[in-house]
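**Q** sequence below, structure please.
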Amino acid sequence: MKKNLTTGELLTLLYMVVTSVMIFFLWPQMENPAALLGVRLAVFCGIMVLGKIYSWWPNRFTWVLRNGPLILMLSYWYPETYQFARVFPYLDHVFAHADWAIFGCQPSIEFSKAVPSVFWCEALNLGYYSYYFMMSGVLLFAFLCRFKQSERYVFIFLGCFFIYYLIFEWMPVAGPYYYFKAIGLEAAMAGNYPDVGHYFANPAELIHASVRGPFSQLVHDIQVAGENPVGAFPSSHVSMSTVTMMLAWRMRNKWLFWGLMPLYVLLCFSTVYIMAHYVVDSIGGLLSAVLLFFLMDWLYTQFFVRRQRP
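**A** Numbers count the residues shown, from 1 in each chain. Coordinates of the predicted model:
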């Protein structure tokens, strides 16, 4: 094991190879593709350096040192998906129409009207913001308390994320707060959903809900700082929080699982409440997360179950 790549490193390298091929094919249509390749080269060098350090001092600390940056890099790979998605026509008209066909309205517009109180606004924004703490908390628990199984958990976690990122890149959906800004709220409420094609090829403005408390302010700040019109379907918040909850269940710690459950429920509803996703996005996130969790778990068992750590 000392001289081998970890399964998380293998997944990261595979993702970089796939997206590098995409960069070459889409080169004329992308903004600064050379810089994107430069990031991949830097990540590759970092993986090699950290792997060498681990081979010199194989222990828990250097093992976490190898895997931690792979997880932190997800915060870079996500906004980068927009650089690929903006090349393709957006599909919001399909998903907005699906919500209309199912519910006869736009739940992402009507939800906040139906639940106008400051209490629920803040509770749901807390749920949305807790996404980052849920994931980091479960992974930290895995490294500290379930170390022997931590490689499996990292493999499942990274594998699911990378699959979703590839979906975002090839099937761009901006989400209600971008799309409804583009077509107008009156059209959205009337069930008129035109195809906007490449409208989102340049950054667009958000429809921000009014800030009503500290948690809605935090969500507002996150959206302003790092959001782009990409990644609405399936909902990464719902999907990866579902994967996180399934990992917590797999770790067999009832306090961890049930302690996170209220935040998870709030998070799932919040994705529609703050107009980040259509309802079909959230349903797609939930169903796909279950399938991908078991797929990645099966792949790990089939190909890496015999790998051992000192």
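**Q** helices along the stretch 51-200 of the chain, start to end?
**A** 60-72, 74-85, 92-103, 107-114, 118-129, 131-145, 150-170, 176-183, 185-190 (DSSP state H, counting those that start in this stretch).
**Q** so can I have JSON lines of these showing mean neighbour count and mean pLDDT?
**A** Glycine gets a C-beta too; all of them are placed from N, C-alpha and C. JSON lines is the format used below for the helices of the stretch 51-200 of the chain (neighbours: other Cβ atoms under 10 Å; pLDDT from 0 to 100):
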{"stretch": "helix 60-72", "mean neighbour count": "17", "mean pLDDT": "91"}
{"stretch": "helix 74-85", "mean neighbour count": "18", "mean pLDDT": "92"}
{"stretch": "helix 92-103", "mean neighbour count": "19", "mean pLDDT": "94"}
{"stretch": "helix 107-114", "mean neighbour count": "16", "mean pLDDT": "87"}
{"stretch": "helix 118-129", "mean neighbour count": "20", "mean pLDDT": "85"}
{"stretch": "helix 131-145", "mean neighbour count": "17", "mean pLDDT": "91"}
{"stretch": "helix 150-170", "mean neighbour count": "22", "mean pLDDT": "95"}
{"stretch": "helix 176-183", "mean neighbour count": "23", "mean pLDDT": "89"}
{"stretch": "helix 185-190", "mean neighbour count": "14", "mean pLDDT": "88"}
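**Q** could you dump those to a markdown table with distance to residue 17?
**A** Shown next, in a markdown table, are the helices of the stretch 51-200 of the chain (distance: least, Cβ to Cβ, whole Å):
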| stretch | distance to residue 17 |
| --- | --- |
| helix 60-72 | 15 |
| helix 74-85 | 14 |
| helix 92-103 | 30 |
| helix 107-114 | 36 |
| helix 118-129 | 33 |
| helix 131-145 | 25 |
| helix 150-170 | 11 |
| helix 176-183 | 30 |
| helix 185-190 | 40 |
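**Q** of all those, which one comes closest to residue 269?
**A** helix 118-129 (6.1 Å; Cβ to Cβ).
**Q** so which of the helices of the stretch 51-200 of the chain gets nearest residue 281?
**A** Going by Cβ to Cβ, the one of the helices of the stretch 51-200 of the chain nearest residue 281 is helix 92-103, 6.6 Å.
**Q** angle of that closest one against helix 107-114?
**A** 50 degrees (axes from the mean of the first three to the mean of the last three Cα atoms, to 10 degrees).
**Q** quick one: low-confidence parts of the stretch 201-310 of the chain?
**A** 203-227, 306-310 (pLDDT under 70).
**Q** tell me which residue lies nearest the centroid of this structure.
**A** Among the residues of the chain, the one closest to the centroid is residue 236, at 3.8 Å (Cα atoms, centre = their mean).
**Q** how far away is the nearest residue to it once chain neighbours are set aside from residue 118?
**A** Leaving aside its sequence neighbours, residue 236 sits nearest to residue 164 (Cβ to Cβ, 6 or more residues apart in numbering; 5.5 Å). To residue 118, residue 164 is 33 Å away according to Cβ to Cβ, to the nearest Å.
**Q** do the same with residue 278
**A** Separation of residue 278 from residue 118 (Cβ to Cβ) stands at 25 Å.
**Q** related to what we said a few turns ago, the residue nearest to the centre of the chain touches residue 167, doesn't it?
**A** No: counting by Cβ atoms under 8 Å, residue 236 stays clear of residue 167, with 9.5 Å between them.
**Q** buried residues of stretch 34-50, list them for me.
**A** 36, 37, 40, 43, 47, 50 (16 or more other Cβ atoms under 10 Å).
**Q** among those, which one lies nearest to residue 200?
**A** residue 36 (18.9 Å).
**Q** per-residue pLDDT, the closest one?
**A** At residue 36, the model reports a pLDDT of 93.
**Q** what sits against it?
**A** 19, 23, 30, 80, 83 (Cβ atoms under 8 Å, 6 or more residues apart in numbering).
**Q** next, the angle helix 60-72 makes with the helix or strand encompassing it.
**A** Using DSSP states H and E, residue 36 sits in helix 33-56. Helix 33-56 and helix 60-72 meet at an angle of 160 degrees, taking the same axes, to 10 degrees as the criterion.
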